[in-house]
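Chemist: Curious how this folds, go ahead:
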Amino acid sequence: MCYFLYGAINDGINTDDYEKTIKDTEYHFSFGNIESVNKCVESCDSSYRITLNHCDCDTAIGQKHTNKKGLEELKDLLLNLQNVRGIKYVLISKNWWKETNSKQETVHIQEMDILHFLANMEDNCLYKIELYKKYY
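Modeler: Here you go, the predicted model:
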């Protein structure tokens with residue numbers, strides 16, 4: 001069948017900031033949590049899909065190459081989402097039709113190479129990318 005990208009952001013953000021941030025991107029996140037995204041994936045629902053594409057088979061996410069078109073846009077979006085007031089996390093998963101998330105991982109945006117991370121995301125894993133600013 002096809003791959004689909006699912007995801008969500010935490011509730012309680014400044015929606016004006018968020019709308020300005022995603023205005024020119026192909027990615028759009030609904031408000032939700034781990035349980036709501038996993039339930040959507042399990043039921044093959046489209047409510048937590050993050051693109052409006054027919055399918056996401058052509059996505060550069062998880063294709064192991066950091067220079068693939070599309071990764072830079074998602075990297076920039078993740079970095080810009082950090083400026084949305086009230087943002088805590090973004091959830092993202094890439095799933096084959098009718099396959100559920102078999103695991104979950106939490107990462108912090110300040111502790112990763114974003115392009116490498118996006119290029120190497122595994123299928124059927126729900127990633128929680130924490131966006132709050134860490135103070136060491």
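Chemist: separation between the nearest residue to Phe29 once chain neighbours are set aside and Leu71?
Modeler: Spatially, and ignoring its direct neighbours in sequence, Phe29 is nearest to Ile9 (4.4 Å; CB to CB, 6 or more residues apart in numbering). For the C-beta atoms, the positions are set from N, CA and C on the backbone; glycine is no exception. Ile9 sits 19 Å away from Leu71, taking CB to CB, to the nearest Å as the criterion.
Chemist: next one: Ile34
Modeler: Taken as CB to CB, the span from Ile34 to Leu71 is 24 Å.
Chemist: same deal with Lys134?
Modeler: 23 Å.
Chemist: Same question for Glu19.
Modeler: 23 Å.
Chemist: So these two - more neighbours on which side?
Modeler: Leu71 (21 against 11; other CB atoms under 10 Å).
Chemist: Look at Ser93 and tell me its secondary structure.
Modeler: At Ser93, secondary structure determined by DSSP: H, G, I helix; E, B strand; the rest coil is strand.
Chemist: Now do the strands in this structure.
Modeler: According to DSSP state E, the chain carries its strands in the segments 3-9, 30-31, 89-96, 103-108, 125-130.
Chemist: Just give me the neighbour total for Met121.
Modeler: 18.
Chemist: Contact partners for the residue nearest the centre of the chain?
Modeler: In the chain, the C-alpha nearest the mean C-alpha coordinate belongs to Ile92, at 3.1 Å (CA atoms, centre = their mean). Counting by CB atoms under 8 Å, 6 or more residues apart in numbering, Ile92 touches 5-7, 50, 61, 121, 126-127, 129.
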